[in-house]
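Novice: model this:
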Amino acid sequence: MPGEISFDTAWGPCRIGWSNTGVRRFCLPPQSARRQNEGPPAFVRAAIRLVTAYFEGQAVDFSPVPLDLSDVTPFRLRVYEALRAVPRGRVVDYGELASSAGTAGAARAVGQAMAHNPLPLFVPCHRVVAASGRIGGFSAPGGPVTKRRLLELEATPLELREGIARPTRSVLTLSESRP
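Specialist: Numbering: from 1, shown residues only. All right, here's what the predicted structure looks like:
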């Protein structure tokens, strides 16, 4: 059954929405608290545990979480899929992401896809930076400050270009998340 629920994290309240097929929307803190009477399905409870662990500083793997991206264009879907392959502790620039999505030269369109990303963290748009290595914009609450905080939480060196080391923390997967 589709729904939406707010939950608390170490960074503040988040909100997650779902359809019968997957997570459909995610809002970073701060968000107004809207709760529903019925509990979410198991895949949403697992996603909430992963988000909570993420904001506690644990390395988590969001890739097993089913997503419902049925409302996005085919171009944005390709971009979001390519971005989900960018590992924690790494960044790409808009042009690199466009190339990875099979549309070299579409950096501006990739920027628009990032600005309309319905699932930050699950589709990690904070890992996309300007070609110059500058952090760039971020459409979530807090803007570039939040983007920088997310990159720091992921142990991403903020030089942001070549030679970025992989984080040393292990990754928490969906099946290993706490009950």
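
Novice: As a check, name the ranges of all helices in this protein.
Specialist: Assigned by DSSP state H, the helices in the chain fall at 42-55, 74-84, 94-100, 107-115, 143-153.

Novice: Can you tell me which of those is nearest to Phe62?
Specialist: helix 42-55 (6.1 Å; Cβ to Cβ). To be clear about C-beta, it is placed using only N, CA and C from the backbone, and glycine gets the same treatment.

Novice: Val129 and Val60, how far apart?
Specialist: 21 Å (Cβ to Cβ, to the nearest Å).

Novice: So for those two, which residue has more residues nearby?
Specialist: Using other Cβ atoms under 10 Å, the more surrounded residue of Val129 and Val60 is Val60, with 25 against 22.

Novice: ok, back up a step: where among the helices of the chain is the average confidence lowest?
Specialist: Lowest mean pLDDT of those: helix 143-153, a mean of 92.

Novice: what angle separates that helix from helix 42-55?
Specialist: 90 degrees (axes from the mean of the first three to the mean of the last three Cα atoms, to 10 degrees).

Novice: Compare the helices of the chain and give me the one nearest Met1.
Specialist: Short answer: helix 42-55, nearest of these by Cβ to Cβ, at 10.6 Å.

Novice: mind saving the C-alpha coords of that closest one as PDB?
Specialist: This file holds the C-alpha atoms of helix 42-55, laid out as PDB (Å, rounded to 0.1, in the frame of the first residue of the first chain):
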ATOM      1  CA  ALA A  42       9.400  -4.200   5.200                       C
ATOM      2  CA  PHE A  43      11.500  -2.700   2.400                       C
ATOM      3  CA  VAL A  44      10.700   0.800   3.700                       C
ATOM      4  CA  ARG A  45      11.500  -0.200   7.300                       C
ATOM      5  CA  ALA A  46      14.800  -1.500   6.000                       C
ATOM      6  CA  ALA A  47      15.400   1.700   4.100                       C
ATOM      7  CA  ILE A  48      14.700   3.800   7.200                       C
ATOM      8  CA  ARG A  49      17.200   1.700   9.200                       C
ATOM      9  CA  LEU A  50      19.800   2.300   6.500                       C
ATOM     10  CA  VAL A  51      19.200   6.100   6.400                       C
ATOM     11  CA  THR A  52      19.300   6.200  10.200                       C
ATOM     12  CA  ALA A  53      22.600   4.300  10.200                       C
ATOM     13  CA  TYR A  54      23.900   6.600   7.400                       C
ATOM     14  CA  PHE A  55      23.300   9.700   9.500                       C
END
